[in-house]
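Q: Build me a model from this:
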Amino acid sequence: MVGMQVVDVPKLAAPAPARVPVPAAKPFLQTLGANLKETFFPDDPFRAVAREEGRCRRAAAALRYVFPCLEWLPSYTLAALRSDLIAGVTVASLAVPQGISYAKLADLPPIMGLYSSFVPALVYAVMGSSKDVAVGTTAVGSLLFAAMLGKEASPADSPELYMHLAFTATFFAGVFQAGLGILRLGFVVDFLSHAAIVGFMGGAATVVCLQQLKGLLGLQHFTTSTDVVDVMRAVFSQTHMWRWQSVLLGCSFIVFLLVTRFFSKRRPRFFWVSAAAPLVSVIVGSVLVYLIHGENHGIQVIGNLAKGINPASAKNLILSPPHMMVALKTGIITSLIGLAEGIAVGRSFAMAKNYHVDGNKEMIAFGLMNIIGSCTSCYLTAGPFSRSAVNVNAGCKTAMSNAVMAVAVAITLLFLTPLFHYTPLVVLSAIIVSAMLGVIDFPAAARLWKVDKLDFCVCLGAYLGVVLGDIEIGLSIAVGISVLRILLFVARPRTTVLGNMPNSTIYRRMDQYTMAETVPGVLVLHVDSPIYFANASYLRERISRWIDEEEHRIKDAGEESLQCIVLDMGAVASIDTSGTKLIEDLKKSLDRKSMQIALANPGSEVMKKLDKSKVHGLIGDEWIFQTVAEACDNALLNCKIARSV
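A: Predicted coordinates:
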């Protein structure tokens, strides 16, 4: 009878597997240059210039890269102009009431909202790489200006200082944005995750809506705080000041604006109904207030708006202490929010239309918009979703639609501003509330809860931070949780046990594939991240724990003892000196237990570091394999493992 017995198998001459080569050494400067290029120039932006032959052609290609408008202007057609003309006029009908509304939200003169839709739009038409983004002021940026700059200078007591701080913050925002683009540091914006942006924007929209209760209720005095507790206290402590006329008028226009938006969503070809609704509200509200003499009934109006295009404001920039620092802080924070929103909007529409938007070019365009804007009486501008969506639905073909919008706004500034004298503030509040209700993205939050609970916590933390604290707290929480999550992923990488799929050489995770089988005497571990100083200690402990658990399992099952540990390093993109020390220590620890270590599928960067640190020689070339299957087969042949005879 042939039975099962445990025997010591001598080391056999296994078929020599193909060895993992150590890449040839490269000069340090060449390696450093390649790494820097991949970090800061992953899209190889100058390849189009390098491909051209002759100095003139290369110079023309360089100009096209710097000024994206030169790419589409030579082939611009009358048909495209007609489409951009319709889109630009349509967006302008939204930009005029929105600009006035958002300027009031920022505690700035309403005319500055129109200024900010003129010059920056012309700059973007020349410098922007997106065909669809329509630039202008944003509600969140306006709220940030009011919340942060208002602590340094009161808009009511020191309006001139406050306005100069707004210009200065816009200047610093532009410098920061352009600097990020020029230095190719666009990845900084990626630290604001989608979940953080959803929560932060939702919280900011909630705060903006609460702030509009001042206009909707016709209150003369209101809190400058943005948290929900202070706002509710301010509202209900002045119930005797509520104006039913303002409440009725405001609610009527909110219902009108929401109904038109719902209608346009249900029937996309009537997009212009929703786009024109804010301007119609301003016209109807102004006529109504004029006819009933609303100012005598407690309905506040805008008042006089100065005629004329943007006056110069470069001399008003505050570039020295003590007020400069708050402008710098405000500029940096608002610039990041503006970039995150504008680039996300541009990329989303570009993906839908199958073309590419260069994030770094967009940063430079936004930066120049705000630098030039700060010198021409504008405050922070970006690429808001509402205007861009209208621009796309109106059939825009190129960035020329921004230039058309700028011309329409310029005509308004030159000839039509007196018509806005009787525009009621409650209508502006209604426009803001209706716009912000669309920013609160409940379906996105529900999706986060369904897909990733941790992402939902990031979203909820950002939202509650804004609503219960202030804008800065919410932003800090959003960024803090996102960065903490990144650090946790780096410091606590996933390690899993792999098993052999029956009748194959494929190895898969045993916690996912129940049919996967363990290899007798061999433990296969998959490391799911680069090995750095931040996670080396954790991996050392976690691998030791896997080994102990496997030894206990083998002992309880009465199987042959563990003889070999195979590390699948296919996902280990890089390794540092702490990582090589981890491999060395693991090798020495396993030697003391009479176990062998084998490495499977190490990449070129890993092999370089293992070779230079002498760990390669310590393990032995014969124990480094191209695949997990080769490692396990050779372990079975060359280790003392139980065999059936």
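
Q: can you map out the strands along this structure?
A: Remark: strands assigned in the chain by DSSP state E are 495-500, 507-509, 522-527, 564-568, 596-600, 624-625.

Q: Would you map the helices across the stretch 201-350 of the chain?
A: 213-217, 228-236, 244-266, 271-292, 324-353 (DSSP state H, counting those that start in this stretch).

Q: Out of the ones you listed, flag the one nearest residue 610.
A: Between residue 610 and the helices of the stretch 201-350 of the chain, the tightest spacing by C-beta to C-beta is seen for helix 324-353, at 39.1 Å. C-beta: built from backbone N, CA, C; applies to glycine.

Q: mind putting the helices of the stretch 201-350 of the chain in TSV, mean neighbour count included?
A: Output for the helices of the stretch 201-350 of the chain, formatted as TSV (neighbours: other C-beta atoms under 10 Å):
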stretch	mean neighbour count
helix 213-217	22
helix 228-236	15
helix 244-266	17
helix 271-292	19
helix 324-353	20
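
Q: hang on, the earlier thing: could I get the strands of the chain in TSV, plus columns for mean pLDDT?
A: Supplementary listing: the strands of the chain in TSV, determined by pLDDT from 0 to 100:
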stretch	mean pLDDT
strand 495-500	92
strand 507-509	92
strand 522-527	93
strand 564-568	93
strand 596-600	92
strand 624-625	90
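
Q: so which of these comes closest to residue 365?
A: When the strands of the chain are compared (using C-beta to C-beta), the closest one is strand 522-527, at 42.0 Å.

Q: neighbours around the closest residue to residue 519 other than its chain neighbours, how many?
A: Leaving aside its chain neighbours, residue 519 sits nearest to residue 632 (4.9 Å; criterion: C-beta to C-beta, 6 or more residues apart in numbering). Counted with other C-beta atoms under 10 Å, residues neighbouring residue 632 total 24.

Q: these two touch, right, residue 632 and residue 524?
A: Yes - look at residue 632 against residue 524 with C-beta atoms under 8 Å: they come within range, at 6.7 Å.

Q: The residue nearest to residue 519: what's it in contact with?
A: Taking C-beta atoms under 8 Å, 6 or more residues apart in numbering, we find residue 632 in contact with 500, 507, 519, 522, 524, 566.

Q: Against residue 70, how distant is it?
A: 59 Å (C-beta to C-beta, to the nearest Å).

Q: Dihedrals phi and psi, the closest residue to residue 166 other than its chain neighbours?
A: Spatially, and ignoring its direct neighbours in sequence, residue 166 is nearest to residue 379 (4.8 Å; C-beta to C-beta, 6+ apart). Backbone torsions of residue 379, given as degrees, to the nearest 10, read phi -120, psi -180.

Q: ok, residue 379 touching residue 137?
A: Yes - Residue 379 is within contact range of residue 137, at 6.9 Å (criterion: C-beta under 8 Å).

Q: which residue ranges form the helices in the stretch 1-150 of the chain?
A: So, for the stretch 1-150 of the chain - with DSSP H, counting those that start in this stretch - the helices run 28-40, 47-51, 55-66, 69-72, 78-105, 111-115, 119-127, 139-149.

Q: mind checking which of those helices is nearest residue 621?
A: helix 28-40 (23.5 Å).

Q: just for the stretch 51-200 of the chain, where's the confidence low?
A: 186-187, 190-191 (pLDDT under 70).
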